[in-house]
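Student: Using only what follows, build the 3D model:
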Amino acid sequence: MTMFVLIITAVLTALIGGLFYAYSCSVVLGLGKLPDAEYLKAMQSINREILNPVFFMSFMGTLVLLPVSTFLFRGQAPFIFLLLSSLAYIIGVFGVTVAGNVPMNDTLDKFDISNASVEAIRQMRDSFENRWNFLNNIRTLFSIISIILVICACIWNKEV
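Tutor: Numbers count the residues shown, from 1 in each chain. All right, here's what the predicted structure looks like:
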């Protein structure tokens, strides 16, 4: 049972890491080429559509299963890897998302692009894009760290 939980944890952690990685190395680069109003509309649309059950299952599932896996492997070799992975995810992925990206997404969601001036649209993009991308890169880095640590836990697991 513990190995099954560890495998599901590894898969969910990798899926979330892949999501943030894809944003960092492709999505934001493509969106960055759009004119200001189109960029903001695209980000509004993406931020609304990501709020779906599949994303929440992966994002929140990882948040729950990493600590559960850590608990299940207490006193065993994988424990330290899972503890560090949990901390990396909770602080560097979940924490950054909740404290940084989500408030920015909420602010953008309330911005009325169709009634905004060209200057207001430019200012909104200027206040959003670089900071959001920076925070996403932090999430990507901590996701990768978390994945590496879960893989280490799998490798050092004596049950295998």
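
Student: hmm, what's the outermost residue in the protein?
Tutor: residue 117 (32.0 Å; CA atoms, centre = their mean).

Student: Check the gap between residue 8 and residue 148 for me.
Tutor: Look at residue 8 and residue 148: by CB to CB, to the nearest Å, they are 18 Å apart. C-betas here are computed from N, CA, C, even on glycine.

Student: can you check residue 33 too?
Tutor: Applying CB to CB, the value for residue 33 to residue 148 is 32 Å.

Student: Show the contacting residues for residue 149.
Tutor: The neighbours of residue 149, taking CB atoms under 8 Å, 6 or more residues apart in numbering as the test, are 81, 82, 84, 85, 88.

Student: Let me know the closest of those residues to residue 152.
Tutor: Closest to residue 152 out of the contacts of residue 149 is residue 81 (4.4 Å), distances taken as CB to CB.

Student: If you count neighbours, what's buried in the helix or strand that contains that closest one?
Tutor: For residue 81, the host element (DSSP states H and E) is helix 78-87. By neighbour count on 16 or more other CB atoms under 10 Å, the buried set for helix 78-87 is 78, 79, 81, 82, 83, 84, 85, 86, 87.

Student: Same list, the residues you listed, but as a markdown table with pLDDT and distance to residue 45 please.
Tutor: Below are these laid out as a markdown table (pLDDT from 0 to 100; distance: CB to CB, whole Å):
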| residue | pLDDT | distance to residue 45 |
| --- | --- | --- |
| 78 | 95 | 40 |
| 79 | 97 | 42 |
| 81 | 98 | 38 |
| 82 | 98 | 36 |
| 83 | 98 | 38 |
| 84 | 98 | 36 |
| 85 | 98 | 32 |
| 86 | 98 | 32 |
| 87 | 98 | 33 |
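
Student: Include distance to residue 94 when you put those into CSV, please.
Tutor: Shown next, in CSV, are those (distance: CB to CB, whole Å):
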residue, distance to residue 94
78, 21
79, 20
81, 18
82, 16
83, 15
84, 15
85, 12
86, 10
87, 11
